[in-house]
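# A predicted structure for the sequence below; I have some questions about it.
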Amino acid sequence: MLLAIRMAETFKSLKGQLLLDSGLLNGSFFHRTVVLICQHDAQGAFGLVLNRSSDNKVGEMLVADLPDLLKEQALYLGGPVQPTALSYLHADTFLPQANVITNLNLGHSLDSLVEIGESFSSTQQVRIYAGYAGWGPGQLEDEMKRKAWLMHPASVDIVFTQDPRNLWRNVLKQKNGWQFKLLAQMPDDVSWN
């Protein structure tokens, strides 16, 4: 009982944080990724990779009656787990039901996605993902202890960047410290140096 209380006291949710490859994930799916942690509790974590486009449009990959606006968007690879699972991030200037960070909502319902696509808000943003990044109980905490990830606070601007291919480098450059700027300048393959 005392152990359970101590574990609950020491658990710190990373929901709403960005995880950046610290340079130790070379050769893995997560090499140079930026992952938004959307859910995190003692049972595990759920996140979406923000900077991996599938190089396909949503309409090419998703068999659904979606509004043209959504069909023309790039489909992102949210992670290696369940590559056919649909997730989306939706932001607007005021989203009272936001469940990730202020004004940013995570959803999985195709019906809700269609409703969002048909709405007439000129300020909303939507990005659609296939698959996700998932961690079991304690797994993400272990990776953090091994320094596999760097943390950075998420923002709607970062999530919906117009330059996702350079997101990893750009977020590293925003962090305080010379070591982050140096990491951002490292070539993809150190043998190129």
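Sure thing, it's come through.

# ok, then the element right after the lowest-mean-pLDDT helix or strand in the chain?
Lowest by mean pLDDT, DSSP states H and E among the helices and strands of the chain is helix 2-10, with a mean of 50. Downstream of helix 2-10, the first helix or strand assigned by DSSP states H and E is strand 17-21.

# output the below-cut-off pLDDT ranges for this structure.
Residues of the chain that meet the criterion pLDDT under 70 lie in 1-9, 189-193.

# in it, mark out all the strands, start to finish.
Along the chain, the segments classed as strands by DSSP state E run 17-21, 34-41, 44-49, 53-57, 74-77, 81-91, 104-107, 125-135, 149-153.

# can you add mean neighbour count and distance to residue 176 and give those back as a markdown table?
To be clear about C-beta, it is placed using only N, CA and C from the backbone, and glycine gets the same treatment. Shown next, in a markdown table, are those (neighbours: other Cβ atoms under 10 Å; distance: least, Cβ to Cβ, whole Å):
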| stretch | mean neighbour count | distance to residue 176 |
| --- | --- | --- |
| strand 17-21 | 23 | 14 |
| strand 34-41 | 22 | 17 |
| strand 44-49 | 22 | 23 |
| strand 53-57 | 13 | 29 |
| strand 74-77 | 20 | 28 |
| strand 81-91 | 18 | 26 |
| strand 104-107 | 20 | 24 |
| strand 125-135 | 21 | 26 |
| strand 149-153 | 17 | 11 |
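
# can you list the ones you listed in a markdown table and add distance to residue 64?
Shown next, in a markdown table, are the strands of the chain (distance: least, Cβ to Cβ, whole Å):
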| stretch | distance to residue 64 |
| --- | --- |
| strand 17-21 | 29 |
| strand 34-41 | 22 |
| strand 44-49 | 19 |
| strand 53-57 | 13 |
| strand 74-77 | 12 |
| strand 81-91 | 9 |
| strand 104-107 | 14 |
| strand 125-135 | 11 |
| strand 149-153 | 33 |
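
# quick check: closest non-adjacent residue to residue 79.
Nearest residue to residue 79, sequence neighbours excluded (Cβ to Cβ, 6 or more residues apart in numbering): residue 133, at 3.4 Å.

# please report the distance of the one you found from residue 95.
23 Å (Cβ to Cβ, to the nearest Å).

# grab the nearest non-local neighbour of residue 94.
With Cβ to Cβ, 6+ apart, the residue lying closest to residue 94 is residue 103, at 6.6 Å.

# isn't the one you found right next to residue 156, touching?
Yes - if you go by Cβ atoms under 8 Å, residue 103 and residue 156 touch, sitting 5.9 Å apart.

# what is in contact with these two at once?
Shared contacts of residue 103 and residue 156 (Cβ atoms under 8 Å, 6 or more residues apart in numbering): residue 91.

# and the gap between residue 61 and residue 117?
15 Å.

# the more surrounded of those two?
residue 117 (20 against 13; other Cβ atoms under 10 Å).

# does residue 136 touch residue 44 like I think?
Yes - at 4.9 Å, residue 136 counts as touching residue 44 under the criterion of Cβ under 8 Å.
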